[in-house]
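[1] Provided below are the primary sequence and the corresponding predicted coordinates.
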Amino acid sequence: MANITTTREGAGGTLTARALREGFYAGVVSLGLFFLFVGLETTQNIRNELVLNQRWGLLAVFVLVAAVGRFLTVAYIRPWFAARKAAAAARAGTARPEGFLKRNFVVLAVVALIVYPILAVAIFGVQGSLKWVDNFGIQILIYVMLAWGLNIVVGLAGLLDLGYVAFYAVGAYSYALLSQYFGFSFWLLLPLAGILAAFWGVILGFPVLRLKGDYLAIVTLAFGEIIRLVLINWTDVTKGTFGISGIPKASVFGIWSFDVGAPNNFAKVFELPMSSAYYKIFLFYLVLALALLTAYVTVRLRRMPVGRAWEALREDEIACRSLGINTVTTKLTAFATGAMFGGFAGSFFAVRQGFVSPESFVFLESAIILSIVVLGGMGSLVGIAVAAVLMIGGTELLREMQFLKQVFGADFTPELYRMLIFGLAMVIVMVWKPRGFVGSREPTAFLKERKTVSGSFTKEGHG
Amino acid sequence: MSDTLLSVRGVETYYGNIRALAGVDIDVKRGEIACLIGANGAGKSTLMMTICGDPQARAGTITFEGEDITRLPTHRIARLRIAQSPEGRRIFPRMTVYENLQMGASLDNLKYFDEDVEKIFTLFPRLKERQAQRGGTLSGGEQQMLSIGRALMARPKLLLLDEPSLGLAPLIVKQIFDAIKILNKEQGLTVFLVEQNAFAALKLSNRGYVMVNGKVTMSGTGMELLANPEVRAAYLEGGRH
């Protein structure tokens, strides 16, 4: 539609008139374009005869979207962006005090997350809260945690890891297998899964020490596949593609159990009606605690020598070595630390599902985790959390959008368009914010007090 | 100015099968400024990097304070207090000036950081003004100052400078060379300098070496080399003005 974006100022009256005209043109063009593509559909009926279906409603939707979209773009969106740009230019140089919301964002977010399950129960009832706590809360928090773990490797140390899901798998299978064969409890196996994953992180780290960028990415990708294939083919131990089911549930530090038959069952002890919701709420707080632990460790490490070394390594490896930093141990600790949190998340995943199979640890998972890190802005915890909410919450929301069936027909399943929307969202974000939602890096050290530096100094070059 | 701090003997370095250094002998004595001049591709930077162990010499020995460092990995060499301001400065672009200086002090785990950072800010006041700014947003001259400052934060016994004047305006070059002189005079810092800017480098140095095709062809005091007609013809008159 490039041919109608003529912007001859003043040539054709007011803005609204121009917008109306361009909207009309856009509608006409899309009518011409989609008339045959969308308006008419040929299918074969049961007797193999060609049937012509007329879909005027759908065609009208396409045309209206084009016309109204064009009108809104020209009349409102473009002037709004221009005004914002002008305002930003006027503001440049004068540092604004940050608003209350911005300053206390982290505290507010944590409080909101702690209150979240209580609110869900209050609004939707014990059973109704399941969907909100489990599908949205736990699901998103697992990815937040995974992405924060991967952030240590990719965002801080700058080592592109396409096989992060391998550590997730190691953690999940560690819990699944050790609890099945030896009957260890979750609280013993959680740290053990982390340690085992960290161990595998080091195993991966050694051969890739000399690799960088794309070469590193390919080897880590292969590593992720190796772990998955081992899980599939080592049937004696892992039961192959059948997976391991009946993984025991976690308990509240051994005090209260969530097994229905147990005498110290949570619901029984507190004389509540039996429901699986309590277990989910417990899991929600568990994964919240694990995710916050990941964030806390990341924030602390960034201020410590090893964290500074990671960031310096990302910036310039040769300079690092010339400053006496052992890049070998620095890389290995990054891999190990990132993998450890992947392992924690994995064992949590196993305990939540009660079932693990190699299906859950395909490359797509690595890709999703990595894209959350990239979308959020490498190195930024807040940005990554926001990206996880949008991407994982967004796909969950798609399942809820059953009303779309009324528009696109009964056989329309919105979640099938997940990847399409995913990809589209990614392209848009990368065009609009090439460094992710939070692209600027927060410094870890200051001289005496924090100086406000004008935005033009702290902003990074695009590229 | 008697004992030798760094001694390079018969060093040969290869990139694959290509010999970049063909048996180099160089001495840097404690407390002096030594410089190495030569044309593009002569092997100056290669020597600098070989001293730092990346790439390692295939033949010959490098000794620092009597210790053989030829086969040590780079970070171990750095821990012997050989600090380097590498070619192309290699500051950390997304970290602030202050954080860059912190990275320089990682050898002592910031033990002397507060004290040393003040010294750097006195030497290069521009860095103090820019301390909250990201390294990548600095001008070329400021980046060079930062690179030298970061190297100094490691409390080096020997400072290696690879082309500190590269791509800088004459006035900035003068500032940087003045700073090197001050460091040498006031703190007795030993400096080994690789330069294309032969005139300024030789004027500054106690001792100079001329490198051609991976070999040291001439050496002498800075003044001797400046007066040498061959050096003048090759590096000063033709190259400079």
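    Perfect, I can see it now.
[2] show me the shaky parts of the stretch 51-200 of chain A.
    A:92-99 (pLDDT under 70).
[3] OK, now which residue of it is nearest to chain B?
    A:Gly158 (10.0 Å; Cβ to the nearest Cβ). Every residue, glycine included, has its C-beta placed from N, CA and C.
[4] so who does that residue touch?
    Listed by Cβ atoms under 8 Å, 6 or more residues apart in numbering or on different chains, the contact set of A:Gly158 reads A:Trp310, A:Leu313, A:Arg314, A:Glu315.
[5] you'd agree it is in a strand?
    No. Going by DSSP: H, G, I helix; E, B strand; the rest coil, the assignment for A:Gly158 is coil, not a strand.
[6] type out the PyMOL command that picks the buried ones from the contacts of A:Gly158.
    Buried subset of the contacts of A:Gly158, written as a PyMOL selection, criterion 16 or more other Cβ atoms under 10 Å in any protein chain shown:
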select buried, chain A and resi 310+313+314+315
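[7] now flag whichever of the contacts of A:Gly158 is closest to chain B.
    Out of these, the member with the shortest distance to chain B (by Cβ to the nearest Cβ) is A:Glu315, at 3.8 Å.
[8] how's the chain carved up into domains?
    With no chain named, the answer covers chain A. A:2-89, A:110-365 (automatic domain parsing).
[9] chain B was what I was after
    Split by automatic domain parsing, chain B gives B:4-81+B:157-240, B:90-155.
[10] may I see those domains organised as a markdown table, with mean pLDDT added?
    Shown next, in a markdown table, are the domains of chain B (pLDDT from 0 to 100):
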| stretch | mean pLDDT |
| --- | --- |
| domain B:4-81+B:157-240 | 90 |
| domain B:90-155 | 91 |
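[11] now the ones you listed as CSV including mean neighbour count and distance to chain A?
    What follows is these, written out as CSV (neighbours: other Cβ atoms under 10 Å in any protein chain shown; distance: least, Cβ to the nearest Cβ, whole Å):
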stretch, mean neighbour count, distance to chain A
domain B:4-81+B:157-240, 18, 4
domain B:90-155, 20, 4
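[12] which one, of the ones you listed, ends up nearest to A:Val287?
    Nearest to A:Val287, of all these, is domain B:90-155, at 31.0 Å by Cβ to Cβ.
[13] quick check: end-to-end length of that closest one?
    Using Cα to Cα, to the nearest Å, one end of domain B:90-155 lies 19 Å from the other.
[14] sorry, back to before: so which of the domains of chain A is the most surrounded?
    domain A:110-365 (a mean of 20; mean count of other Cβ atoms under 10 Å in any protein chain shown).
[15] just the strands in the stretch 1-150 of chain A please.
    Under the criterion DSSP state E, counting those that start in this stretch, strands of the stretch 1-150 of chain A are mapped to A:40-44, A:50-54.
[16] for the first one, what is the distance to the chain centroid?
    Counting by Cα atoms, centre = their mean, to the nearest Å, strand A:40-44 is centred 39 Å from the centre of its parent chain.
[17] check chain A and tell me which residue is nearest its centre.
    A:Ala388 (2.9 Å; Cα atoms, centre = their mean).
[18] state the distance from that residue to chain B.
    From A:Ala388 over to chain B the distance is 23 Å, taken as Cβ to the nearest Cβ, to the nearest Å.
[19] show me what contacts that residue?
    Applying Cβ under 8 Å, 6+ apart, the residues near A:Ala388 are A:Ile140, A:Tyr143, A:Val144, A:Ala147, A:Ile372, A:Gly376.
[20] re earlier: is it possible to export the domains of chain B to CSV including distance to A:Thr73?
    As requested, those are exported to CSV (distance: least, Cβ to Cβ, whole Å):
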stretch, distance to A:Thr73
domain B:4-81+B:157-240, 45
domain B:90-155, 34
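[21] nearest to A:Gly346, out of those domains?
    domain B:90-155 (31.0 Å).
[22] helix/strand/coil for A:Trp200?
    Using three-state DSSP, the structure places A:Trp200 in helix.
[23] kindly apply the preceding question to A:Pro273 instead.
    coil.
[24] who are the contact partners of it?
    By Cβ under 8 Å, 6+ apart, the residues touching A:Pro273 are A:Val126, A:Ala267.
[25] again, but for A:Phe24
    Taking Cβ under 8 Å, 6+ apart as the test, what A:Phe24 contacts is A:Ala67.
[26] just the pLDDT for it.
    In this model, A:Phe24 is scored at 92, pLDDT.
[27] cool, A:Arg450 as well?
    Note on A:Arg450: pLDDT of 47.
[28] A:Thr235 too?
    86.
[29] against chain B, how distant is it?
    When A:Thr235 is compared with chain B (using Cβ to the nearest Cβ), they lie 44 Å apart.
[30] so which of the domains of chain A is nearest A:Leu416?
    Proximity to A:Leu416, assessed across the domains of chain A by Cβ to Cβ, is greatest for domain A:110-365 (14.7 Å).
[31] for that closest one, what is the distance to the chain centroid?
    Using Cα atoms, centre = their mean, the mean C-alpha position of domain A:110-365 is found 14 Å from that of the whole chain.
[32] repeat that for stretch B:176-183.
    Distance, stretch centre to chain centre, for stretch B:176-183: 12 Å (Cα atoms, centre = their mean).
[33] surely A:Gly194 is in contact with A:Thr337?
    No. The criterion here is Cβ atoms under 8 Å, and A:Gly194 misses it with A:Thr337 at 9.8 Å.
[34] please enumerate the shared neighbours of the two.
    Taking Cβ under 8 Å, 6+ apart as the contact rule, A:Gly194 and A:Thr337 touch no residue in common.
[35] could you look up the SS state of the residue nearest to the centre of chain A?
    At A:Ala388 the chain is in helix, as set by three-state DSSP.
[36] likewise for B:Leu36?
    What three-state DSSP gives for B:Leu36 is strand.
[37] who touches the lengthiest helix in chain B?
    Across chain B, the longest stretch assigned as helix under DSSP state H is helix B:170-187. By Cβ under 8 Å, 6+ apart, the residues outside helix B:170-187 that reach it are B:31-33, B:123-124, B:140-141, B:144-145, B:148, B:152, B:159, B:161, B:164-165, B:168, B:189-191, B:193, B:197, B:200, B:204.
[38] try it again with 10 Å
    Residues outside helix B:170-187 that contact it (Cβ atoms under 10 Å, 6 or more residues apart in numbering or on different chains): B:31-33, B:85, B:119, B:122-124, B:126, B:139-142, B:144-145, B:148-149, B:152, B:156, B:159, B:161, B:164-169, B:189-191, B:193, B:195, B:197, B:200-201, B:203-206.
[39] what do you get for stretch A:37-49?
    A:30-31, A:34, A:50-63.
[40] from those, which ones fall inside helices?
    Counting by DSSP H, the contacts of stretch A:37-49 contribute A:Ser30, A:Leu31, A:Phe34, A:Trp56, A:Gly57, A:Leu58, A:Leu59, A:Ala60, A:Val61, A:Phe62, A:Val63 to helices.
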